[in-house]
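S.K.: dropping a prediction and its sequence here:
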Amino acid sequence: LQVEWDGVMHQVQAVADANRGRRVPFVALISSMGTTNPNPPKYTGGDILFWKLQAEAFLSSSGVGTAVVKPCGLVDTLGPERTLLVGHNDGMLHKVSPPVITRADVARVMVQLVLNRATGLRFDLCSIAGPRTTDLDAMLHSALWPWQL
């Protein structure tokens, strides 16, 4: 609760206050897949997922530019060749087996979001064995909802 909700709220407030009168600040948040389940089991995050979803909602209504990445299960290492997949509303949790992504791949995506100031994005992120995703701009474009195109 203190990190997932209070921490996000206080950090967004600090960023907004520090940028008052300048260009709209940009905040990229790493949340989690699994927030569509109203009663998630503890081994998937339990009620912390509720607070992650609350932080996402607060961030999206805060008036700052935002992007929210919702990775599937984080791991330190996998095989070197991974294809990144994007989706929405936890759709990949039951389609990708196992639903995992490396922390390094999440970091690569976050850097690209910040470099592009890719506002208005909120998407799930997972990976499968396959060719390494190198065109992150195209991948981020594919994360847009149809009405955002």
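M.R.: Good, I have the coordinates.

S.K.: contacting residues around the host helix or strand of residue 68?
M.R.: Per DSSP states H and E: residue 68 is located in strand 65-71. Residues outside strand 65-71 that contact it (C-beta atoms under 8 Å, 6 or more residues apart in numbering): 24-33, 35, 56, 59-60, 101, 106, 109-110, 113, 117-126. For every residue, glycine as well, the C-beta is placed using N, CA and C.

S.K.: return a PyMOL selection command for the buried portion of those residues.
M.R.: Selecting the buried subset of the contacts of strand 65-71 in PyMOL, with 16 or more other C-beta atoms under 10 Å as the burial test, is done by:
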select buried, resi 25+26+27+28+29+30+31+32+33+35+56+59+101+106+109+110+113+118+121+122+123+124+125+126
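
S.K.: extract the C-alpha set from the strand holding residue 68 and format it as PDB.
M.R.: The C-alpha trace of strand 65-71 is given here as PDB (Å, rounded to 0.1, in the frame of the first residue of the first chain):
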ATOM      1  CA  GLY A  65       1.700  12.800 -19.400                       C
ATOM      2  CA  THR A  66       1.700   9.100 -18.500                       C
ATOM      3  CA  ALA A  67       2.600   5.600 -19.800                       C
ATOM      4  CA  VAL A  68       1.800   2.500 -17.800                       C
ATOM      5  CA  VAL A  69       3.600  -0.800 -18.500                       C
ATOM      6  CA  LYS A  70       2.000  -3.900 -17.000                       C
ATOM      7  CA  PRO A  71       4.500  -6.700 -17.300                       C
END
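
S.K.: done for today, thanks.
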